[in-house]
Every structure is written in structure tokens, then in C-alpha cells.
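J.: Give me the fold of what follows.
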Amino acid sequence: MDYTLVQYNVRAWEGRAYDYGMDNLRSMGYPVDGLEFDPDLVIRGLIMDKEKGNLVKADRFGYVKRAVHGTRMLSNRSVSEMYGRELVDLRNESRWEFLNTLFSVSEAVMYMQMVDRLDEGALPPEIGPLDYQGLYKVVAKALFRAHVEGQLKNEIITEPERFVELEPELPLALLDQKEAGKRLLLITNSDYHYTNKMMNYAFNKFLPNDMDWRDLFEMVIVSAKKPEFFQISHPLYEVVTEDGLMRPCFKARPGGLYSGGSAQMVETALGIHGDEILYVGDHIYTDVSQSKVHLRWRTALICRELEEEFNALARGKDHREKLIELMNQKEAVGDVFNQLRLALQRRTKGRPAQTRSATEMNDRELTEYMQKLLIIMQRLDEKIAPMLEADGEHFNKRWGYLSRSGLWDKSHLTRQIEKYADIYTSRVSNFLRYTPFIYFRSQAQSLAHDLQPNWPIGGCH
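T.: Residues are numbered from 1 along each chain as shown. You can find the predicted model right below:
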């Protein structure tokens, strides 16, 4: 439900989560005065290195491309020295923490700021010796308390207009699906009281004929305890009153409102399984990967930042075109330089160069020409380097684009999306742009050895 059917204002929601988390740290004796929530410090898809106190951005292979220690950006050289011989491996959960969702923003900001305080020696001695991994556990505990104690959600329920961004088209998109014969389910980790309040606020005013949000769904499951929901069965309870009174239940039925249970229970109750189900969620691990890995459900990821990235890419189009032009120039000059270098190498063995012009040059001409080309490449590098650093700043000045790592490659986030999500989009209401009968097909995927226009037959680049 959260960040999928109910869209929150990130600065408001995560800002208050940060405030409550910091209050908890203060009550534990940690120095947090003077710190403020800054959501621009992080973006979804970054990875916390709990061993080193760093936040990193990796490419699709796991190579670290950018990093901060605390809130201080590390130089390219420092990143290379620190991570040149290792890859990010998300299976090592004791070290790496992937920012799967927008709910991770407040935690990451808190952690990076507290790393600064730890490095400054600002933690009081009575707290005891603490490394970066221990500090992460403290921060995670403080934020967990903020969620469990209920103050944050009570504030949101009381003033939803501060936190919720309404989408009038979203209920209508689901209504189209329901009227087309699709069987809609709502599976959320939120409790019934919070779910009912949020869905009432976000849906009911936009539904026709006095419909209630419950009328859209064939089954509603609250307090689902995902990701365990997709692997094991928890006790099942039926919610039987408007104020959330529950009674034990041993079998789910269509039309019911339940707490707990399991995904297998859902399949049994509805008589469907596997790829007959499209599961839509915003969390790559809790929602998308687990439902696909364990149940082979089809998956759709909601990533609202795509809209901001799309606009950022449009604003940065001229910059990228100029950057690509300069890099193509450098590649062309570098190709000539390498031909001359090879010519010198072969000449020592009495063999001709790859090109006739290089073969006909004497040693002095080759050397002088190579020196000129080196100067040209150095000047191109002086233009390219700052442009590479600035690429993506329309999305985030520190981290660049969400889906890209560097100019050409995909980010680790994008790789996770490709691996686990059958489709992805910025919001559920985008389905309203299509009929509920559409079949989404994947785009043609290009490979490095695919034949391109103007390539010679029998060769590839």
C-alpha cells in the first residue's frame, strides 16, 4: 500500500521519521543537536557499506563508482583505492545494506550524519567503543522504535493532508481493472487501523456511486509480515469489525479481510497460482524479488522517481550530447595514437604496421605525431572530466541519475529491477493510460555483437 497505492510526500514523511529517530538517539545519549534532515544526501538504489561507514553507488556488475564517507564525498582516487579489488555483494547482508525503497531515505541520512559524529570523536565515552557496524545497529534500532511506537503513524492519520499526495486517477485505474474481470488483492504490512484510514483518505472521494475502497478488492490482507509472507505461514485472523476486532480463522475466502496468513493461502483461496498473479509493489526485496523467487508471481515495481529522472534526462540532453561528442573525438584520436604505438612495437620486430601511412613514417615522425596526439587527448580529458562529474546533476548533484552509473552503464538498482521486475513504472495510475486488456511485451534487447548499420559482414565492434 505505502508508496504504491498511497503516495507520500517524501520530505514530509521521511522528515518526520528522521525527527523521531533522532529523538530516540538523543534519549540514548547520542549527540544529534544541530543535525537536520537532508533528503538530497541519498537516492534509492545506493548501498550502505556498514563495515567502512560509507554510502556507495555501484554499477550493474557491483563495481563502486561513487562513494561518500559520512557525508563527505570521496574522490575517484579514494574510491579506486578503497574498492578497486572488491565488488558489492548484496548477499553479504552483514556488510551491505541496499536502499530498496523511499522508506530507506531517513535511515541512510541518519547513519551518514552519525558516522561524521563518530569520526569527530563526538560520541560520549559512556556509550562505549563503537565501530561503523555497531553504529548502524544503533541507528536502525532508533528508527525502528519510531515506527513501532506508533507516534509517526498517529501523526499521519491525524493530518493526512500533510503527508499524502492524492492521485485522483489511481482509484479509477483499479476500477477499470476490476470491471474488466481482474481480481484485485491488497497485501500490506500496515495494520488494519492505519490501512483503513489511509485508503479512505486516498481513495473514497474519487470513487463513483459512494463506493468504498474495500469494494475494489476481492481480498485484503493487513499485517502481512512481508517478506516472510511469501515463504512461511503466520496465524490467520479475520478482521470482523470496523474498529479492527479480530478472531482466529483457519481458511481464507474471497471477499474477506484478514490479518497475517501467507501467499500460499491466497493462492489456495482464489484458486490461482504462479504467473497468473501480477504483484505490484515499491520494495525490490520485500515485494518484487521474494514474490518472484519463491512463488514465480509476475511482478511490477513502482518507482516514482522515474518521473523526476525522465525530466532530468530531458534537461541534461544537450549536456550529454556534447559529452558524447567529446568522448567520440577522444576515441578517434586514441585509435590513431594506438595505431602509431603498435607501429613502433612492430618495427622493433621488423614487421609492418596495421596501416600503410604508419608503415611509411620514420621513427622520429611517429614519435612527434604521438606527442601531438597525447596533447590533444589531454586537452579533451580536461573538458571531459568535469562534464562527467556533472552528468546527472539535474537529478542529484552527488549521485547523478537513478538508473545509470557513469555515462554508459546501468546502475546496480537498474540491474535489480531488470532481474526481478517483469515491468516497472512510476505509479499505478499509469495503467489508466492503457486498456485493462493489454498484454505488456518486453522490448527487443540489443547485444554487443548484434549487426549494426555500416558494419562489415563478418566483423563486429
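J.: Just give me the neighbour total for K419.
T.: 13 (other C-beta atoms under 10 Å). In short, each C-beta sits where N, CA and C put it, glycine included.
J.: was I right about S426 contacting A300?
T.: No: with contacts counted by C-beta atoms under 8 Å, S426 stays clear of A300, the gap being 11.4 Å.
J.: Between the two, which has more neighbouring residues?
T.: A300 (19 against 15).
J.: which is the next helix or strand following the helix or strand of the chain with the lowest mean pLDDT?
T.: Across the helices and strands of the chain, mean confidence by mean pLDDT, DSSP states H and E is lowest for helix 356-360: a mean of 80. Next along the chain after helix 356-360, taking DSSP states H and E as the criterion, comes helix 363-390.
J.: Please state the offset of that next one from the chain centre?
T.: Offset of helix 363-390 from its chain centre (C-alpha atoms, centre = their mean, to the nearest Å): 37 Å.
J.: Averaged pLDDT, the helix or strand just after that helix. What do you get?
T.: For helix 363-390, the succeeding helix or strand toward the C-terminus, using DSSP H and E, is strand 404-405. Averaged over strand 404-405, pLDDT sits at 92.
J.: again with stretch 7-20
T.: Stretch 7-20 comes out at a mean pLDDT of 92.
J.: Ok, stretch 23-35 next?
T.: The pLDDT scores in stretch 23-35 average 93.
J.: returning to what we had before: in the least confident helix or strand of the chain, which residues are buried?
T.: Across helix 356-360, burial judged by 16 or more other C-beta atoms under 10 Å covers A358.
J.: Then stretch 130-144?
T.: Neighbour counts using 16+ other C-beta under 10 Å place 132, 135-136, 138-140, 142-143 of stretch 130-144 among the buried residues.
J.: got it, and stretch 174-183?
T.: 174-177.
J.: pretty sure P248 contacts L236?
T.: Yes: if you go by C-beta under 8 Å, P248 and L236 touch, sitting 7.4 Å apart.
J.: Between these two, point out the one with more neighbours.
T.: More crowded of P248 and L236, by other C-beta under 10 Å: L236, with 19 against 9.
J.: pLDDT score assigned to the closest residue to that one other than its chain neighbours?
T.: Spatial nearest neighbour of L236, excluding adjacent residues (C-beta to C-beta, 6 or more residues apart in numbering): G261 at 4.2 Å. G261 carries a pLDDT value of 93.
J.: G261: what's it in contact with?
T.: Going by C-beta atoms under 8 Å, 6 or more residues apart in numbering, G261 touches 221, 224, 229, 233-234, 236, 252.
J.: Give me the subset of those lying in helices.
T.: With helices taken from DSSP state H, there is no overlap with those.
J.: what would those residues look like in TSV with distance to Q290 and pLDDT?
T.: Converted to TSV, the contacts of G261 look like this (distance: C-beta to C-beta, whole Å; pLDDT from 0 to 100):
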residue	distance to Q290	pLDDT
I221	15	96
A224	12	93
F229	8	92
S233	15	90
H234	15	91
L236	19	93
A252	20	90
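J.: Neighbour-wise, which one of those residues leads?
T.: I221 leads these on contacts (other C-beta under 10 Å) with 29 neighbours.
J.: Look up how far M246 lies from that residue.
T.: Going from I221 to M246 by C-beta to C-beta, to the nearest Å gives 12 Å.
J.: Pull up the overlap in contacts between those two.
T.: The contact sets of I221 and M246 overlap at S259 (C-beta under 8 Å, 6+ apart).
J.: Residue ranges in this protein under the pLDDT threshold?
T.: 451-461 (pLDDT under 70).
J.: Which other helices and strands does the helix or strand hosting V333 contact?
T.: V333 is part of helix 317-347, with elements assigned from DSSP H and E. Judged by 3 or more C-beta pairs under 8 Å, 6 or more residues apart in numbering; DSSP states H and E, helix 317-347 is in contact with helix 356-360, helix 363-390.
J.: Which one of those helices lies nearest to T348?
T.: Nearest to T348 among the helices and strands packed on helix 317-347 is helix 363-390 (10.1 Å), distances taken as C-beta to C-beta.
J.: burial of N54, as a residue count?
T.: 23.
J.: To clarify, my last question referred to E382.
T.: 9.
J.: do G274 as well
T.: Per other C-beta under 10 Å, the neighbour tally for G274 reads 10.
J.: so how far is L373 from T367?
T.: 11 Å.
J.: for A263, same thing?
T.: Taken as C-beta to C-beta, the span from A263 to L373 is 61 Å.
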